[in-house]
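In: can you look at this prediction? I've put the sequence above it.
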Amino acid sequence: MDLDLGASAGAVLAADLVATPRARWWTNAGLLVSVVLGALAHGDWPGGPTVRAFLVVTRQDTGVELLRLRTDTDDAALLEHVRRQFDELTVGEFFDRWGIDASGAPSGEAADPE
């Protein structure tokens with residue numbers, strides 16, 4: 001299916017943070033260690049563990065992955081930034097900012113857009 005590059009990005013695209021299975025295992029191990037250490041110290045653990053993950057942008061209609069960027073699952077600010085751009089930009093504008101090929105082919109890592 002062809003994309004309407006003039007359509008609102010929020011009506012066409014979806015974004016989420018996806019952890020790798022290995023990263024989820026390390027997160028669970030880290031949580032266990034933090035709970036044990038926190039209990040021993042009778043204090044709070046300063047922040048949760050960082051999990052390697054990917055920011056994934058897909059087409060809502062087909063589920064085709066358009067962009068995959070390595071990030072951290074605690075980087076909710078990046079996900080919110082992308083979702084805010086979905087509300088503000090057309091599909092074509094979003095593709096331009098993130099270096100996504102308009103044909104819908106997955107792209108490599110893009111430069112950090114404003």
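Out: Perfect, I can see it now.
In: worst-scoring helix or strand of the protein, pLDDT-wise?
Out: When each helix and strand of the chain is scored by mean pLDDT, DSSP states H and E, helix 21-41 comes last, with a mean of 58.
In: pLDDT on the next helix or strand after that helix, on average?
Out: Using DSSP states H and E, the helix or strand that directly follows helix 21-41 along the chain is strand 52-59. In this model, strand 52-59 has a mean pLDDT of 88.
In: strand 52-59: which residues count as buried?
Out: For strand 52-59, burial by neighbour count (16 or more other C-beta atoms under 10 Å) applies to Ala53, Phe54, Leu55, Val56, Val57, Thr58, Arg59. (Glycine included, C-beta is placed from N, CA and C.)
In: now for those residues: which two are most distant?
Out: Spatial extent of the buried residues of strand 52-59 (C-beta to C-beta) is set by the pair Ala53 and Arg59 at 20.2 Å.
In: surely Leu13 meets Asp87?
Out: No: Leu13 is beyond contact range of Asp87, at 11.0 Å (criterion: C-beta atoms under 8 Å).
In: out of the two, which sits in the busier spot?
Out: Leu13 (25 against 10; other C-beta atoms under 10 Å).
In: any chance of TSV for the buried residues of strand 52-59, columns distance to Leu17?
Out: Formatted as TSV, the buried residues of strand 52-59 follow (distance: C-beta to C-beta, whole Å):
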residue	distance to Leu17
Ala53	5
Phe54	7
Leu55	6
Val56	8
Val57	11
Thr58	13
Arg59	18
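In: list the buried residues for the host helix or strand of Phe94?
Out: Using DSSP H and E, the element containing Phe94 is helix 91-98. Of the residues in helix 91-98, Val91, Gly92, Phe94, Phe95, Arg97, Trp98 count as buried by neighbour count, 16+ other C-beta under 10 Å.
In: ok, for the second one, nearest residue in space, not its chain neighbours?
Out: I take that to be Gly92. Nearest residue to Gly92, sequence neighbours excluded (C-beta to C-beta, 6 or more residues apart in numbering): Leu5, at 3.4 Å.
In: and the gap between that neighbour and Gly99?
Out: Using C-beta to C-beta, to the nearest Å, Leu5 is found at 15 Å from Gly99.
In: no more questions from me, cheers.
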